[in-house]
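[1] give me the fold of what follows.
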Amino acid sequence: MVWLVMHLVQCSCFIDIFNLISGKECTQDESTAAAIFAVQMDDYLGGKPVQSREIQGYESTEFVGYFKGGIKYKAGGVASGFNHVVTNDLSAQRLLHIKGRRVVRATEVPLAWTSFNKGDCFIIDLGTEIYQWCGSSCNKYERLKATQVAVGIRDNERNGRSKLITVEEGSEPEKLIEVLGRKPALPECGDDDDELADITNRRSAKLYMVSDASGSMKVSMVAGENPFCMAMLLSEECFILDNGAARKIFVWKGKDANPQERKAAMKNAEQFIQQMNYPANTQIQVLPEGGETPIFKQFFKDWKDKDQSDGFGKVYVTERVAKIEQIEFDATKLHESPQMAAQHNMVDDGSGKVEIWRVESSGRVPVEPETYGQFYGGDCYIILYTYPKGQIIYTWQGAHTTKDELTASAFLTVQLDRLLNGQAVQIRVSQGKEPAHLLSLFKNKPLIVYKDGTSKKEGQKPTPPTRLFQIRRNLAAITRIAEVDVDAMSLNSNDVFVLKLPDSSGYTWVGKGANKEEEQGAQYIASVLKCQTAKINEGQEPEEFWKALGGKKKYQTSSQLLTKAEDHPPRLYGCSNKTGRFIIEEVPGEFTQDDLAEDDVMLLDAWEQVSFVFFKLY
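    Presented below is the predicted three-dimensional model:
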């Protein structure tokens, strides 16, 4: 007999249809009728189901997994009354062997220690738990592919319900020992085997297209070796991916393929098995476009899922990509930056109405107006600026704030915007990245950023007896004051620093490259801290000054500061080809070390020195 089994998942848009053929007792008529009915059912469901042909005794682990109590084979057909009963205690467990160096493949092998070796990776799929076992001599490519396949099984086949566990050879948990038995001595597997596996893997799969464009159904080879390119799969056609060496045939149905091509794809796959003299138990899996399994995707070197993102926000789409015009890179244009010029093109002079709230668990708490412009690194603040042409909401997030407050700040910002009928401009600001317009809101008072702590009444802690503040004027001639580590290495000849001592005395340290605005900022922070400071110029420091900083150390300075040459601030650039051509973009704002992206090449133009190139070594 032939059975048609359907598995529906509420949280998924795909349905599994398994066509189970019951071995020798199944007639050709029953087999053909089941195949036709499966295609009709597939059409009725809009072509979304994933179809798999199953053979008695050689069922896939996915199929067996639907029968928690095991499968019982009953002899005969309907007329026999199923008198003879044979119990089969197969389980849904499986083992995938990840092997190769450049062309890595995952192949299902017997679930036993005899399948393992020290030079490869294996995936032990136990349903609710997926173990990635890494041999002591496996290469990094196999590790990466094993991770990709394991994640794909968890996300696509288990809807994220399975737990991923990475296991190194020699650290196997008890659960694996229970399933596999006592671990024997495992054989070695060298790089030569991986190179041979690359050759075998390339030839292990071929891609064919099934088309009736010429008026008659034809099967033509698209590629004789893998990995394939995703662009080879056309939505208007059906394809057969032949992996008969692993007893697997895939039929891929394009979303715009006609019913004749879809039906012929299954038929041709069955004929293909006969022509290639593959075993009769070779599995056939029919996949709709968008419903591909991880095992199918591994044959494509550039596979991308719809809505899959690259990096922090570049989303991949399945439509054709526009042709990119290649423009010759001109390094002489680096200092011509309209984007940076626009950064300081403020909407006004900051003379509008300012309201500030601190983010707390209870919601937005108003900040006392006399403390406007004083932010703590352990807090988040919402600043509403109203001017004749509109409103701006700045969300300032401290470097040491909790995740709960970060989440609450985003929620409260949206809530405030709704109260303003959604007309406000929202700007998120990280500590140390304050834009020029935000700094201008506090009139003649510089922005003060305390390193950590909080302004909440119940969360305040005693302030340190000795504190160090850096006063710096930015590119827009606006002064910013930030608390830094009490250490001589924090000093910078370009700026002014205020050192507060325990007895409310202190020093105002003026660097060789400092300006009058920064000295005025030092007077302001001294008044806020209520301490009397003595002014000292760089190079004239008393011993007590260095003692308070933990001893004299090297700090940032430059001989160019002694000259009256034109001031050229350092500039940071990121190099990439993310648009399809090589470009260099300047990092906006007051950049810090956090702006050095490890996955990019960064160029720092220090003007009087040779530019530095930063990149990560792999």
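[2] checking the residue lying closest to residue 463 once chain neighbours are set aside next. Helix, strand or coil?
    The spatially closest residue to residue 463, leaving aside those adjacent along the chain, is residue 453, at 7.4 Å (C-beta to C-beta, 6 or more residues apart in numbering). Bear in mind the C-beta positions are built from the backbone N, C-alpha and C, glycine included. Secondary structure for residue 453, judged by DSSP: H, G, I helix; E, B strand; the rest coil, is coil.
[3] surely residue 453 meets residue 398?
    No. Between residue 453 and residue 398 there is no contact under C-beta atoms under 8 Å: 9.3 Å.
[4] of these two, which one has the most company?
    Per other C-beta atoms under 10 Å, whichever of residue 453 and residue 398 has more neighbours is residue 398, with 26 against 19.
[5] just the pLDDT for the more buried one.
    Per-residue pLDDT puts residue 398 at 91.
[6] list the contacts of it.
    Residues in contact with residue 398 (C-beta atoms under 8 Å, 6 or more residues apart in numbering) are 375-380, 431, 452.
[7] which residue sits closest to it, ignoring its sequence neighbours?
    Counting by C-beta to C-beta, 6+ apart, residue 398 lies nearest to residue 377, which is 4.2 Å off, once chain neighbours are set aside.
[8] so where's the stretch 501-618 of the chain uncertain?
    559-569, 578-580, 588-590, 599, 607-618 (pLDDT under 70).
[9] before we move on, what about the stretch 51-200 of the chain?
    52-53, 56-92, 101-105, 190-200.
[10] find residues that contact each of residue 453 and residue 398.
    Joint contacts of residue 453 and residue 398 (C-beta under 8 Å, 6+ apart) are 376-378.
[11] still on that earlier bit, the contacts of residue 398 into TSV, with extra columns for secondary structure?
    Putting these into TSV (three-state DSSP) gives the following:
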residue	secondary structure
375	strand
376	strand
377	coil
378	coil
379	coil
380	strand
431	coil
452	coil
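[12] count of neighbours near residue 495?
    When neighbours are counted by other C-beta under 10 Å, residue 495 registers 22.
[13] that one is in contact with residue 511, isn't it?
    Yes. Using C-beta under 8 Å, residue 495 is in contact with residue 511, at 5.4 Å.
[14] residues near residue 479, how many?
    Counted with other C-beta under 10 Å, residue 479 comes out at 23.
[15] over to residue 404?
    Residues contacting residue 404 under the criterion other C-beta under 10 Å number 11.
[16] surely it forms part of a helix?
    Yes. Counting by three-state DSSP, residue 404 is located in a helix.
[17] chain neighbours aside, what residue packs nearest to it?
    Sequence neighbours aside, residue 361 is the residue nearest to residue 404 in space, at 7.3 Å (criterion: C-beta to C-beta, 6+ apart).
[18] measure that neighbour to residue 398 for me?
    Per C-beta to C-beta, to the nearest Å, residue 361 is found 16 Å from residue 398.
[19] one more: residue 276?
    For residue 276 relative to residue 398 (C-beta to C-beta), the value is 65 Å.
[20] and if you look at residue 127?
    Taking C-beta to C-beta, one finds residue 127 at 44 Å from residue 398.
[21] can you check residue 508 too?
    Taking C-beta to C-beta as the measure, residue 508 falls 26 Å from residue 398.
[22] and residue 574, by the same measure?
    To residue 398, residue 574 is 26 Å away according to C-beta to C-beta.
[23] now do residue 509
    Distance from residue 509 to residue 398, counting by C-beta to C-beta: 26 Å.
[24] got the phi/psi numbers for residue 525?
    Main-chain dihedrals, residue 525, degrees, to the nearest 10: phi -70, psi -30.
[25] sounds good, over and out.
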